[in-house]
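Q: Sequence first, then the predicted structure, then my questions.
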Amino acid sequence: MPDAPQQSASPVLSQSELAILQTALATLDDERLLMVLVQLPAYQLVRALECLLKPVGAASCVPQSESTDNRAADRAKVFRAAKIIYNNKMSVSECSIRDLSDSGCRVVAESLAGIPDHFTLHVLTGDTRYECEVAWRKYNMMGLRFIG
């Protein structure tokens, strides 16, 4: 099991992660903000709040480096409506696909609560279905690998 991050050396958030969190903190009503915060690791919340309280461009809030891209294929930016189907086709969650490749995609959903690691993604444009496994989850986003 991986070690928990130490409080004194919290990881630096990327610009995109910080922007997402700042938007959530600034624009969501209390109920939706709580949904975001419940899914957010404590060290990221503390780090983002530190950055929000410092002047724009403060050196400690600028990421040291962006994370490396480990994707198997290049992804194209898209905006397509889709549905996540799971629980033996008894449960459905709406989402949107934000980037797409031959091997996977990134989706955004209002909530990731209860969504399993394996499911069917139904892309409404073109009526295409993919069996997927979750590669990563962050806030209200998931990176998916197409399987089978």
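A: Structure received.
Q: OK, contacts around the closest residue to Leu100 other than its chain neighbours?
A: Nearest non-adjacent residue to Leu100, counting by C-beta to C-beta, 6 or more residues apart in numbering: Val78, 5.0 Å away. C-beta: built from backbone N, CA, C; applies to glycine. Val78 is in contact with Ile97, Arg98, Asp99, Leu100, counting by C-beta atoms under 8 Å, 6 or more residues apart in numbering.
Q: Can you get me a residue count around the last one?
A: Applying the criterion other C-beta atoms under 10 Å, we find 22 residues in the vicinity of Leu100.
Q: Then Ile84?
A: 21.
Q: hmm, back to that, nearest to Asn140, of the contacts of Val78?
A: Among those, Arg98 lies closest to Asn140 (C-beta to C-beta), at 11.0 Å.
Q: sorry, back to before: any idea how far the residue nearest to Leu100 is from Cys95?
A: For Val78, the distance to Cys95 equals 13 Å [C-beta to C-beta, to the nearest Å].
Q: before we move on, what about Tyr86?
A: In terms of C-beta to C-beta, Tyr86 sits 12 Å off from Cys95.
Q: Looking at these two, which is more packed in?
A: Neighbour count, other C-beta under 10 Å: between Tyr86 and Cys95, Cys95 has more, with 24 against 18.
Q: list the buried ones in stretch 109-129?
A: Ala109, Leu112, Ile115, Phe119, Leu121, His122, Val123 (16 or more other C-beta atoms under 10 Å).
Q: ok now do Val123, which residues does it touch?
A: Arg80, Ala81, Ala82, Ile97, Arg129, Tyr130.
Q: Drop anything exposed from these.
A: Arg80, Ala82, Ile97, Tyr130.
Q: So which of the residues you listed belong to helices?
A: Using DSSP state H to define helices, no part of those is located there.
Q: Please export the C-alpha coordinates of the helix or strand hosting the residue nearest to Leu100 as CSV.
A: Applying DSSP states H and E as the criterion places Val78 in strand 76-86. The C-alpha coordinates for strand 76-86 follow below in CSV (Å, rounded to 0.1, in the frame of the first residue of the first chain):
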residue,chain,number,x,y,z
ALA,A,76,-8.3,14.8,-29.7
LYS,A,77,-10.3,17.4,-27.8
VAL,A,78,-14.0,16.7,-28.2
PHE,A,79,-17.3,17.5,-26.5
ARG,A,80,-19.7,14.5,-26.8
ALA,A,81,-22.6,13.4,-24.7
ALA,A,82,-22.3,9.9,-23.3
LYS,A,83,-23.8,7.6,-20.6
ILE,A,84,-22.0,5.4,-18.2
ILE,A,85,-23.9,2.1,-17.9
TYR,A,86,-23.2,-0.3,-15.0
